[in-house]
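Asker: Just the structure for this:
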Amino acid sequence: MKKNNWWGRSWPRILLWSHVISVVGFYFINWRRTTPREDDVVQVLGAKRAAQPASTTKDERPLVSIIVPARDEERNIRRCVTSLLEQDYERFEVIVVDDGSTDQTGAILDEIAATHPRGSRLWTLRLRDLPVGWAGKPHAIHMGTQEANGTWLLFTDADTWHAPNALRSALTQALEEQADLFTLGSTQELPDFWNKTLMPVAFMGISMLYPPRLVNDPESPVAVANGQYILIRRKVYEMIGGYARRDLRYTLLDDRDLARVVKENGFKLRFVDGRGLLHVQMYHGLDEIWRGWRKNAYLGNRGGIPFYLLQLLGLPMISLVPFLLPLFAWVTRKLWPAGGIGSEEASIAMGLEVSSLLAYRSWLNKQIDVPWYYALTQPLAALIFDGILGQSIWRVLTRQGVDWRGRAYHNEKEEFLVNNQAK
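Answerer: Just a heads-up that it's a prediction; the model follows:
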């Protein structure tokens, strides 16, 4: 009887303080685990520094083929291509793969080629149909590589903007470090409320799943790249089969899966912070953010369905519940007067959890240039992202598929066609 009374008085506190330890521990461990090393940053070159190590001459500098897949990118393509043509590295070409655009993308590219002083370096490859068994971006990049002349390939997105010394800095460091795939993290342009609220939570999840320290550790199987900037040796790309590989043709995680194959084959992968050299605005408004992360959330997850479901449950537990601990304490006092949690104890527990949450989010916000006070939006962001996570797994597992750029992937019809072609 005494044992039962002890349990009745103690279980609310055991539950409360177990939650406190879990939340505080999560944010501390995640901060420690995801903080990059000091040398995991790009070495930005000034205007007068040589573009190669001292042992190489200007004539020996490798030719870089910059490949930009673009589909209905009239909003971004001018800024992107102009910034690429104005790189201060001497030997490069720009190949834009117009992947069946129905807007003004093609016309803008023609205008740039005709009017820009370096327009002769730009060539546009126009595609019409997407072959069965391919996703759009892998196919566009694959077709672009068939026209490339460079010994290095740079894959970048149409919504990026590149500082003039970006290519020179990245290639120099890749050569010095003898990297085979060199990828840059970017400065995120987050102009509106929804970008500032939701993107930090997205990056919290990415850094948790793919910590830079593990990505850059050759002994770790963890691999990822930033598809906004992938610089790869052409001979390495061709040795692994490139995006023509059967396991890469249909992927929607083209950057992660290419990095995985590169690392699995024993080549050197380097992921460094390229903020200041590379800028991107991924999404405009809540609708684009929702659809963009819905496309990637389930497919880009590590750990299978059980771990994914744990994330679905865990995100509100670490982001929303800390603010509700006084309510939990009040409920325990109403239901179990003898064993309920006092308001002072609940306040202490809430203070520990919320302070750890705000400290981590403030640090993360600083990394991506979001004002610190957006840390207070964490509960709202967690609820919205939980909806994205739930819909992402539901659409894939029920074969409804995910839609992007006017195309549907991973639905029942497409899976049938891909599987039959693989046979």
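
Asker: shaky segments in this protein?
Answerer: 1-9, 47-59, 338-339, 404-423 (pLDDT under 70).

Asker: tell me the strands in it, going along the chain?
Answerer: 64-70, 92-99, 122-127, 152-156, 160-162, 181-185, 187-188, 229-233, 269-273, 278-280, 400-404, 407-411 (DSSP state E).

Asker: any chance of those in TSV, plus distance to residue 81?
Answerer: C-betas here are computed from N, CA, C, even on glycine. TSV is the format used below for the strands of the chain (distance: least, CB to CB, whole Å):
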stretch	distance to residue 81
strand 64-70	7
strand 92-99	6
strand 122-127	7
strand 152-156	10
strand 160-162	10
strand 181-185	18
strand 187-188	19
strand 229-233	15
strand 269-273	24
strand 278-280	14
strand 400-404	22
strand 407-411	23
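
Asker: Turn those strands into CSV, including mean neighbour count.
Answerer: Below are these laid out as CSV (neighbours: other CB atoms under 10 Å):
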stretch, mean neighbour count
strand 64-70, 25
strand 92-99, 24
strand 122-127, 18
strand 152-156, 26
strand 160-162, 24
strand 181-185, 26
strand 187-188, 20
strand 229-233, 25
strand 269-273, 22
strand 278-280, 22
strand 400-404, 17
strand 407-411, 17
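
Asker: Quickly note the distance from residue 161 to residue 332.
Answerer: 53 Å (CB to CB, to the nearest Å).

Asker: got the contact list for the residue lying closest to residue 191 once chain neighbours are set aside?
Answerer: Excluding the flanking residues, the one nearest residue 191 by CB to CB, 6 or more residues apart in numbering is residue 281, at 7.1 Å. By CB atoms under 8 Å, 6 or more residues apart in numbering, the contact list for residue 281 reads 76, 159, 188-191, 195.

Asker: how distant is stretch 164-171 from the center of its chain?
Answerer: Here stretch 164-171 is found 21 Å from its chain centre; the criterion is CA atoms, centre = their mean, to the nearest Å.

Asker: Quickly list what residue 273 is bridged to.
Answerer: Counting by DSSP bridges, residue 273 is bridged to residue 41, residue 185.

Asker: And for residue 98?
Answerer: With DSSP bridges as the rule, residue 98 is bridged to residue 70, residue 126.

Asker: for the protein, which helix is longest?
Answerer: In the chain, with assignment by DSSP state H, the single longest helix is helix 2-34.

Asker: Show me what counts as buried in that one.
Answerer: For helix 2-34, burial by neighbour count (16 or more other CB atoms under 10 Å) applies to 12-13, 16, 19-20, 23-24, 26-27, 30, 34.

Asker: Is it correct that residue 43 is in contact with residue 169?
Answerer: Yes - with contact defined as CB atoms under 8 Å, residue 43 reaches residue 169; the gap is 6.4 Å.

Asker: who has more neighbours, those two?
Answerer: residue 169 (24 against 13; other CB atoms under 10 Å).

Asker: Look up how far residue 389 lies from the more buried one.
Answerer: Relative to residue 389, and taking CB to CB, residue 169 is found at 36 Å.

Asker: how is the protein carved up into domains?
Answerer: 2-33+303-418, 58-186+226-282 (automatic domain parsing).

Asker: Let me have those in a markdown table, adding distance to residue 219 as columns.
Answerer: Below are these laid out as a markdown table (distance: least, CB to CB, whole Å):
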| stretch | distance to residue 219 |
| --- | --- |
| domain 2-33+303-418 | 16 |
| domain 58-186+226-282 | 10 |
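
Asker: what about these, which gets the closest to residue 204?
Answerer: Judged by CB to CB, the one of the domains of the chain that comes nearest to residue 204 is domain 2-33+303-418, at 6.1 Å.

Asker: mind saving the C-alpha coords of stretch 329-343 as PDB?
Answerer: Taking C-alpha atoms only, stretch 329-343 is exported to PDB below (Å, rounded to 0.1, in the frame of the first residue of the first chain):
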ATOM      1  CA  ALA A 329       1.400  20.900 -13.300                       C
ATOM      2  CA  TRP A 330      -2.000  22.400 -12.900                       C
ATOM      3  CA  VAL A 331      -3.600  19.300 -14.300                       C
ATOM      4  CA  THR A 332      -1.700  17.100 -11.900                       C
ATOM      5  CA  ARG A 333      -2.800  19.200  -8.900                       C
ATOM      6  CA  LYS A 334      -6.400  18.900 -10.000                       C
ATOM      7  CA  LEU A 335      -6.300  15.100 -10.600                       C
ATOM      8  CA  TRP A 336      -3.900  14.100  -7.800                       C
ATOM      9  CA  PRO A 337      -4.000  16.700  -5.000                       C
ATOM     10  CA  ALA A 338      -1.500  14.700  -2.900                       C
ATOM     11  CA  GLY A 339       1.000  14.200  -5.600                       C
ATOM     12  CA  GLY A 340       0.500  17.200  -7.900                       C
ATOM     13  CA  ILE A 341       3.400  19.400  -9.100                       C
ATOM     14  CA  GLY A 342       3.600  22.800  -7.500                       C
ATOM     15  CA  SER A 343       3.600  26.000  -9.500                       C
END
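
Asker: and the residue lying closest to residue 265 once chain neighbours are set aside, how many neighbours?
Answerer: Distances taken as CB to CB, 6+ apart place residue 240 nearest to residue 265, at 5.5 Å, with adjacent residues excluded. Neighbours of residue 240 under the rule other CB under 10 Å: 20.
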